[in-house]
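Enquirer: This is a predicted model, with the sequence first.
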Amino acid sequence: AYLGMATKGAALAARAKVLLYAASPLYNGNHDLFELKDEAGNPLINQNYDERKWARAAAAAEEVINTGWYELYTVPVSEETVLPPAEVRSREFPYGCGGIDPYESYRQLFNGAIRDMKDNREFIFYRQFNNAGATGGEDLIDLVKHSYPHNSGWDGWNTNAVSLKQVDAYYMSDGTDCPGMNSEYAGTPAYQGRIDTRPRTTGYTTNNTDHKPLPNGVSLQYAEREPRFYASIAYNGMYWHLGNEPEVQNQDQQVFYYRGDGNGYANSMFWLRTGIGVAKYVHPDDTYYNSDAAKVKDKDEPAIRYADILLMYAEALNELTTSYEVPSWDGSITYTISRNVEDMRTGIKPIRMRAGVPDYDADTYSNPIKFRIKLKRERQIELFAEGKRYYDLRRWKDVENTPEMIGDDYGMNSEGTTNETFFKRTVYQTRVWKRCYYWMPVFIDEYEKNPNLVQTPFWLE
């Protein structure tokens, strides 16, 4: 009866998140964006950078870890498991991915396969499906309805599109970058060191076996990618199982997004603007046949999960240059916090092992700048479609350094009717950014009620 309610662990996790935000560049020594002052001209947030804030965030995350209550969710290896590289599976989880199925471990965490949440010790705080539906149109069932194909009576909205940038973020199965990664942004200073200059992979699969789990007729750009890619991205030519589909002939359908195809560009709203969709949260037995939401499995929405805490821990430790003594929340013990590589590995390595991709090399761990870049990318991948990146980019003050946030964002050519035309990288949206967007404004009716309120920066320009 208490599942889904706030617990001591949820409170400690929320505390860790707040302290991480307080340590982040937007709130810690931010001189160039802050003009948030009271009537006397005093800054409302400290303008002096304080490294100790990162130590407090790390200690708070460590407190959650040390409860011993939480763990990453895993599914045992089976005959169906697509095995990752031998290097990663040579040791048992969490030191490798031996004994687990990385694809199912990640996919089942979100798609409703876990119906007894006592078996899910990764979700620290979450919104239960039966409490969410009452709000109308705001639960994960609705997200799936908007991700689901529209063709042949399935009635999905087929509108949740994914950018090419997100597709490129996923690693290859051996932990390397995909050929051509971020190549559309070549010459952009902010992307220095994050662009792969090789040409993108060409060609298409010719059967259902050589590049599992890809079926026949799929672009080889999607071959040999890490398991989280296949659990999250609805690529052109993916099979949708549709296990609850009452019409047997509509089950196990391969869905393409070419113009003129039933799920491609059409004179309606039901098509993907980028030609790339969302598969995360979709269970193989889901279907939305004849607009029947009851045929979509119930799903619990994560607010804070253990993987996020582990990433917070690694991120905070990486920013330290000296050691700090930090008391626990109740002052009962004191944590000694420093940039210890083994502690950082404790945070991020299990996430990569669960995903079936190799750990970072020693040079990455030893270099704070390189590790920061990897950490940000890991959050982009691991926490995809969980409502985190919007806030991450802002707390890091990275929006101006993220070209697709302040200019052109790319996808596939949704006008394309053939492989040659569809896979041409195309600008699907040009975004505008203003510095006031870092914070939400205070609504004018509240502002007028209380003259002591201060409007957030730049909204009165």
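Expert: Cool, got the structure. All of these numbers come straight from a predicted model, not from anything done at the bench.
Enquirer: make it CA atoms for all contacts and neighbour counts henceforth
Expert: Noted.
Enquirer: Quick one: find the helix or strand in the chain with the lowest mean pLDDT.
Expert: Lowest on mean pLDDT, DSSP states H and E among the helices and strands of the chain sits helix 129-132, with a mean of 56.
Enquirer: Where does pLDDT dip in the stretch 151-300 of the chain?
Expert: Low-confidence segments of the stretch 151-300 of the chain (pLDDT under 70): 152-153.
Enquirer: What segments of it are helices?
Expert: Using DSSP state H, counting those that start in this stretch, the helices assigned to the stretch 151-300 of the chain run over residues 164-169, 227-232.
Enquirer: how about CSV for the ones you listed, with distance to residue 157 and mean neighbour count added?
Expert: Formatted as CSV, those follow (distance: least, Cα to Cα, whole Å; neighbours: other Cα atoms under 10 Å):
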stretch, distance to residue 157, mean neighbour count
helix 164-169, 21, 20
helix 227-232, 17, 24
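Enquirer: what's the closest of these to residue 275?
Expert: Of all the helices of the stretch 151-300 of the chain, helix 164-169 sits nearest to residue 275, with 9.3 Å by Cα to Cα.
Enquirer: What helices and strands are in contact with the closest one?
Expert: Packing partners of helix 164-169 (3 or more Cα pairs under 8 Å, 6 or more residues apart in numbering; DSSP states H and E): helix 368-382, strand 408-411.
Enquirer: related to what we said a few turns ago, can you pull out the residues in contact with whichever helix or strand comes after the least confident helix or strand of the chain?
Expert: Downstream of helix 129-132, the first helix or strand assigned by DSSP states H and E is helix 140-147. For helix 140-147, contacts defined as Cα atoms under 8 Å, 6 or more residues apart in numbering pick out 129, 156-161, 277-279, 281-282, 288, 293, 296-301.
Enquirer: Could you tell me which of these count as buried?
Expert: Among those, those buried by neighbour count (16 or more other Cα atoms under 10 Å) are 129, 156-161, 277-279, 281-282, 288, 293, 296-301.
Enquirer: hang on, the earlier thing: using TSV, please lay out the helices of the stretch 151-300 of the chain together with distance to residue 31.
Expert: Below are the helices of the stretch 151-300 of the chain laid out as TSV (distance: least, Cα to Cα, whole Å):
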stretch	distance to residue 31
helix 164-169	30
helix 227-232	38
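Enquirer: For stretch 424-443, what is the distance to the chain centroid?
Expert: 19 Å (Cα atoms, centre = their mean, to the nearest Å).
Enquirer: can you give me the end-to-end distance of it?
Expert: Using Cα to Cα, to the nearest Å, one end of stretch 424-443 lies 43 Å from the other.
Enquirer: go on, stretch 163-173?
Expert: End-to-end for stretch 163-173, by Cα to Cα: 20 Å.
Enquirer: just use 700 as the starting number from now, easier for me
Expert: Renumbered: residue one is now 700, and that last one reads stretch 862-872.
Enquirer: The buried ones among the contacts of helix 839-846 in strands, which ones?
Expert: 976-977, 1000 (DSSP state E).
Enquirer: ok, the residues you listed vs residue 760, which is closest?
Expert: Looking across those and measuring by Cα to Cα, the closest to residue 760 is residue 1000, at 21.1 Å.
Enquirer: Confirm for me that the closest one is in contact with residue 823.
Expert: No: assessed by Cα atoms under 8 Å, residue 1000 is found out of contact with residue 823, at 10.9 Å.
Enquirer: beta partners for residue 954?
Expert: Beta-bridge pairing of residue 954 under DSSP bridges involves residue 937.
Enquirer: any idea how far it is from residue 860?
Expert: Distance check for residue 954 against residue 860: by Cα to Cα, it reads 14 Å.
Enquirer: One more: residue 1105?
Expert: Distance, residue 1105 to residue 860, by Cα to Cα: 18 Å.
Enquirer: try residue 1095
Expert: Counting by Cα to Cα, the gap from residue 1095 to residue 860 is 25 Å.
Enquirer: same question, residue 740
Expert: As for residue 740, its distance to residue 860 is 45 Å (criterion: Cα to Cα).
Enquirer: Then residue 1107?
Expert: Counting by Cα to Cα - residue 1107 and residue 860 are separated by 15 Å.
Enquirer: Need the ones in strands among the buried ones among the contacts of helix 839-846 in CSV (columns: distance to residue 1011).
Expert: Listed next are these as CSV, based on distance: Cα to Cα, whole Å:
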residue, distance to residue 1011
976, 28
977, 25
1000, 20
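Enquirer: any idea which of those is closest to residue 927?
Expert: The nearest member of these to residue 927, counting by Cα to Cα, is residue 977 at 11.9 Å.
Enquirer: What residues does the closest one make contact with?
Expert: Counted by Cα under 8 Å, 6+ apart, residue 977 has contacts 846, 859-861, 931-933.
Enquirer: Just the closest of the residues you listed to residue 1030, please.
Expert: Once Cα to Cα is applied, the member of the contacts of residue 977 that ends up nearest residue 1030 is residue 931, at 41.4 Å.
Enquirer: Apart from its chain neighbours, what residue comes closest to the closest one?
Expert: In this structure, residue 931 finds its nearest non-sequential neighbour in residue 979, 4.1 Å apart by Cα to Cα, 6 or more residues apart in numbering.
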